[in-house]
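A.B. asks: Based on what follows, work out the 3D shape:
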Amino acid sequence: MAHTIPGAAAPADDRLAALAAVAGSLRRESHVLHERPELLWQQLYNRLQWALSPLAERLQPQRERRSRPDARPWINHYSRLRESESLLLTLAGQSGLVNGCAVGPDGAWVVSACTDHTLCIWDTQTGAVRSTLTGHTGMVMACAVSPDGNWIVSSGGGHIGDDVLKIWDAASGAEQTTLVGHTHWVRDCAVGPDGTWIVSASQDGTLKIWDVATGSERTTLTGHVSSVNACAVSPDGTWIVSASHDHSVKIWDVHTATERLTLSGHAAGVSACAVSPEGTWILSSSRDGTIKIWDAATGAERATLVGHVGEVRTCAVSPDATWVVSGDSQSTLKIWDVDAARADSRSIPSGHVGGVSACVVSPDGAWMVSASGDCTLKIWDVATGDEIATLTGHTGPVSSCAVSPDGRWIASTGGSSLKIWDVATRTERATLTGPPDSAWRCQVSPDGTWIASLGDDSITVWDAGTCTARATLAGHARPQDGNRHRVNACAVSPNGTQIVSAGGDGTLRIWDVETGTEQAILSGNASGVQECAVSPDGTWIVSAGRDRTLRVWDIVVGAERAALVMSGAAQAMILHPFSPIAAWGDAGGGVHLARLVGIDFGPLVVTATSHDHELTARCPACRETFPVKRAQLGTELACPNPTCNRALRLNQFTLH
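C.D. replies: Numbering: from 1, shown residues only. Down below sits the predicted model:
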């Protein structure tokens, strides 16, 4: 490729490549820009910064101009986007979770089934909604397309009277027929290869075969003893396979409506099933974390695929039957080679026997504590990785943990209880009990005198010394999206005077710790706010919402200063200890970094430590420890390191 210098006319090949890159980025960001056109520069730059050198060089002057002190703040997402280069479009517009989708036989459109009670038919070239199908009164659980593409079938659930299937005209979007007969959610549906019948799988434990022409029920298949979660039809239409919560997979004869075989081997509910293109084998995925391949003629297990760390929720077979794909509850997809499939008997390392929900490192970095769904906490030696102790006492899953600033005690939450543990003796100091589901996340104050525990409806501030409740912070409204949590997260200001809460109602609220009063409400999210953090100078809040946005708020004026629209909701968000940089994870396993351009931190808040009647403080920027005087507490000073000289503010309190 020809090269050029900045400012000179680019060769034709470079110009064409640049235009193609810009056009592709516009296409990929079209769903964002439709809602937030003012983010055009930011969203495009975050993609184009990874483009070939000539284009990246030409973007640099504009970036510098937009990074000046007088420019509007923006967010530079400088982690590469975790998406395939083959991504063409993101189809956004439905207001709930997408439970299923199907492609029209000509590939010109797709249909999606959503928890917002609708189906949408999308144009695959433009990404536009062709039509929205309304008629279900509950969640749409699944959908399928007829072989000729003339009609769509959908299954419903989650609302009284909507345990039905509906047939829709694919061209007009009009509802043609409602198939009534199931007594519980209809989890899945499939169409026979000749397009004359439909099979449905229901939480009522049955499958039903329906006549498309008349809308009548042909037969009911009974034999499962729990919910039937999925179904699939053989390529020749002579048999059906079903996956059930009763741990089994069954094969049914379509003509006789009888059970041919029961395939047993999974240790938990079976979530999905698929049939190979030639119909010789069956694939199943389970909550036990495995995928199994079964012989369709004999029912024998051919292979077990092990490697997922969560329940496996879906599976599919490639058109040539050489590989299969599976997806788990950790939002991970795995592709498996069918010919190389072998049973895997891996040893399980020592540690927790349930999922780890949280982990925190001690202030001195010598040990860490982990919280688990197995109802325990474990203390680990950071240097050796050895387990130091197991803390038992919770009667349910431990959802969070925190360490006191002096490293002497641990707080943990589970169910309705908050427990305090002594690190030296590894024993329980106290149990603080509130209403049911009143403690599922906790934070310790910077001075270690109080603990904030999050419940479904409020935040309780507990005195760490007396173990009594100081205040209850309640004000968030009940979420409209079905999420039971009114409060999803909280953050404490570095001086310990304020708590910020993130609500399922789409707001952030700032609370005065001393009085327990609400100081401000920050609104703007279209759905629940999942995470929040306060900057190390105490003047900014960064929040992450279920609407896939990262937002920066000015605490003093209570206004949004910048927003980033992401490909997925952020999880486990933190801020850099001295620079305007945010880090977060996503449900797909990605870790992201973003620079908050135009956001300047003021003096960093630090806490002095008292040892042998001497006070010292540590600069977060250069990590140098230096002596301070008691008279300097509560004042600003500069880091004495001449190569740093960072502005600092000492807290009024000290740690011992």
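
A.B. asks: I'd say Asp148 and Pro105 touch.
C.D. replies: Yes: between Asp148 and Pro105 there is a contact under C-beta atoms under 8 Å: 6.9 Å. Every residue, glycine included, has its C-beta placed from N, CA and C.

A.B. asks: So for the two, which residue has more residues nearby?
C.D. replies: Using other C-beta atoms under 10 Å as the criterion, Asp148 and Pro105 rank with Pro105 on top: 14 against 10.

A.B. asks: That one and Pro147 touch, don't they?
C.D. replies: Yes: contact between Pro105 and Pro147 holds when scored by C-beta under 8 Å: they sit 6.6 Å apart.

A.B. asks: what's the span of stretch 27-43 from first residue to last?
C.D. replies: By C-alpha to C-alpha, to the nearest Å, the extent of stretch 27-43 from end to end equals 11 Å.

A.B. asks: buried ones in it?
C.D. replies: Within stretch 27-43, the residues that count as buried by 16 or more other C-beta atoms under 10 Å are 28-32, 39, 42-43.

A.B. asks: who touches that stretch?
C.D. replies: Residues outside stretch 27-43 that contact it (C-beta atoms under 8 Å, 6 or more residues apart in numbering): 25-26, 44, 47, 62, 66, 74-76, 87-93, 127, 563-565.

A.B. asks: What about these, which are in helices?
C.D. replies: Mapping the contacts of stretch 27-43 onto helices (DSSP state H) picks out 25-26, 44, 47, 62, 66.

A.B. asks: coming back round to it: buried only: go through the contacts of stretch 27-43 for me.
C.D. replies: 25, 44, 47, 66, 74-76, 89, 91, 93, 127, 563-565.

A.B. asks: out of those residues, which one sits closest to His159?
C.D. replies: In terms of C-beta to C-beta, no member of the buried ones among the contacts of stretch 27-43 lies closer to His159 than Gly93, at 21.8 Å.

A.B. asks: ok, how many other residues are close to the residue nearest to that closest one when sequence neighbours are not counted?
C.D. replies: The shortest distance from Gly93 to any residue other than its chain neighbours is 5.9 Å, reached at Val129 (C-beta to C-beta, 6 or more residues apart in numbering). Neighbour count for Val129, taken as other C-beta under 10 Å: 14.

A.B. asks: lowest-confidence helix or strand of the chain?
C.D. replies: Lowest on mean pLDDT, DSSP states H and E among the helices and strands of the chain sits strand 333-337, with a mean of 73.

A.B. asks: Run me through the strand neighbours of that strand, direction for each.
C.D. replies: Sheet pairing of strand 333-337 (DSSP bridges) gives strand 323-328 (antiparallel).

A.B. asks: Other residues contacting the partner strand?
C.D. replies: The contact list for strand 323-328, computed with C-beta under 8 Å, 6+ apart, reads 274, 283, 285, 289, 291, 293, 305, 308-318, 333-338.

A.B. asks: run the last query once more with 6 Å
C.D. replies: Strand 323-328 has contacts (C-beta atoms under 6 Å, 6 or more residues apart in numbering) with 283, 285, 291, 308, 310, 312-317, 333-337.

A.B. asks: same question, stretch 399-418
C.D. replies: 357-358, 360, 362-364, 369, 371, 377, 394, 396-398, 419-423, 431-434, 436, 438-442, 444, 448, 451, 453, 655.

A.B. asks: Any of the residues you listed buried? List them.
C.D. replies: With burial judged by 16+ other C-beta under 10 Å, the buried subset of the contacts of stretch 399-418 is 357-358, 360, 362, 369, 371, 377, 394, 397-398, 419-421, 423, 432, 434, 438-442, 444, 448, 451, 453, 655.

A.B. asks: In the stretch 251-400 of the chain, where is pLDDT below threshold?
C.D. replies: 309, 329-333, 341-350 (pLDDT under 70).

A.B. asks: follow-up on the earlier one: sheet partners, orientation included, of the helix or strand following the least confident helix or strand of the chain?
C.D. replies: Using DSSP states H and E, the helix or strand that follows strand 333-337 towards the C-terminus is strand 356-361. With DSSP bridges as the test, strand 356-361 is paired with strand 367-372 (antiparallel).

A.B. asks: C-terminal to the partner strand, which secondary structure element comes first?
C.D. replies: Per DSSP H and E, the first helix or strand lying C-terminal to strand 367-372 is strand 376-381.

A.B. asks: Check which residues of the least confident helix or strand of the chain are buried.
C.D. replies: Trp336.

A.B. asks: Check what contacts stretch 167-174 and list those residues.
C.D. replies: By C-beta under 6 Å, 6+ apart, the list of residues contacting stretch 167-174 reads 131, 133, 149-153, 175-177.

A.B. asks: can you pull the buried residues of that stretch?
C.D. replies: 167-168, 170, 173.

A.B. asks: Columns secondary structure and pLDDT on top of those residues, output as JSON lines?
C.D. replies: Below are those laid out as JSON lines (DSSP: H, G, I helix; E, B strand; the rest coil; pLDDT from 0 to 100):
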{"residue": "Ile167", "secondary structure": "strand", "pLDDT": "97"}
{"residue": "Trp168", "secondary structure": "strand", "pLDDT": "97"}
{"residue": "Ala170", "secondary structure": "coil", "pLDDT": "95"}
{"residue": "Gly173", "secondary structure": "coil", "pLDDT": "94"}
